[in-house]
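Visitor: sequence and predicted structure are below.
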Amino acid sequence: MAQADAAKRCDYTGAVYGSLLAASVVVGAGTGSLGSLPRLELVLLLLGTGVVFWAAHVLARLFGARVMYVPVNAREVRRACVTEWPIVEAAVPPAVAVAVTPLVGVGPRGALWLALGVALAGHVGWSTVAAVRAGASRRAVVTAGAVNLLLGLLIVLLKVAVTH
C-alpha cells in the first residue's frame, strides 16, 4: 500500500496534461474567436474547458474501471474526481494571469501571450517535478523538462503560424 501511495504522490499526469490543454485553449482563442470581452471570455474558456475535460477523464476512468470489473460506487466516483482534478487546477494559473492583466496595463493580445507563457511554464514545471518526485536520474529529469519544453514550443509555433 505504501508503494501505491507513493505512486499517487508522483502522479502529475493531470497537471501536465491540463497545462498543455490550457496552452492549446489559448492558442485556439488567439485566432480571433474572442468577442467584445476577450479577457473574460478567455478566463471562462480556460476554466470551462478544464472542467469539461476533467469530467471526460472522470467518465473514462470510471468506464475503464467498470471494464476491469471494479464496482463503480460513490467511493470510486470520488476517487476518480479527485485523481483527475489537477486538469482543472492547471487551468487556474493562466486564467488568473489573464484576469490580472488589466491591473498591470497589459492589453488583450498581451494577455493571450502571458496566459500561454504561464500555461507552458506550468507544463514544463509539472513534468519536471513529476520526474524529480518519481526519483528519476538527473539526466531523466532534464530530458523530461526538455521534451515537455519542446512540446510547449510546438504550441507556440502553432500560435505564431496561425495568427500571422
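Guide: Nice, thanks for sending it over.

Visitor: mind listing what G18 touches?
Guide: G18 sits next to G50, F53, P86, I87, V88, E89, A90, A91 when contact means Cβ atoms under 8 Å, 6 or more residues apart in numbering. For glycine as for every other residue, the C-beta is placed from the backbone atoms N, C-alpha and C.

Visitor: from P93, how far out is the third one?
Guide: Applying Cβ to Cβ, to the nearest Å, the value for P86 to P93 is 12 Å.

Visitor: tell me which of those two has more neighbours.
Guide: Set P86 next to P93 and count neighbours by other Cβ atoms under 10 Å: P86 wins out with 22 against 18.

Visitor: quick one: contacts for that one?
Guide: Applying Cβ under 8 Å, 6+ apart, we find P86 in contact with Y12, T13, G14, A15, G18.

Visitor: helix or strand for V58, which one?
Guide: Assigned by DSSP states H and E, V58 belongs to helix 38-67.

Visitor: show me what contacts T101?
Guide: Counting by Cβ under 8 Å, 6+ apart, T101 touches R39, G107, P108, G110, A111, L114.

Visitor: for I155, grab the count of nearby residues.
Guide: 18.

Visitor: is it true that it touches L20?
Guide: Yes - using Cβ atoms under 8 Å, I155 is in contact with L20, at 7.1 Å.

Visitor: tell me where this protein has helices.
Guide: Per DSSP state H, the chain carries helices over the ranges 2-9, 13-29, 38-67, 74-84, 86-89, 92-100, 108-133, 138-163.

Visitor: in JSON lines, list those helices along with mean pLDDT.
Guide: Below are the helices of the chain laid out as JSON lines (pLDDT from 0 to 100):
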{"stretch": "helix 2-9", "mean pLDDT": "50"}
{"stretch": "helix 13-29", "mean pLDDT": "90"}
{"stretch": "helix 38-67", "mean pLDDT": "90"}
{"stretch": "helix 74-84", "mean pLDDT": "91"}
{"stretch": "helix 86-89", "mean pLDDT": "95"}
{"stretch": "helix 92-100", "mean pLDDT": "96"}
{"stretch": "helix 108-133", "mean pLDDT": "92"}
{"stretch": "helix 138-163", "mean pLDDT": "88"}
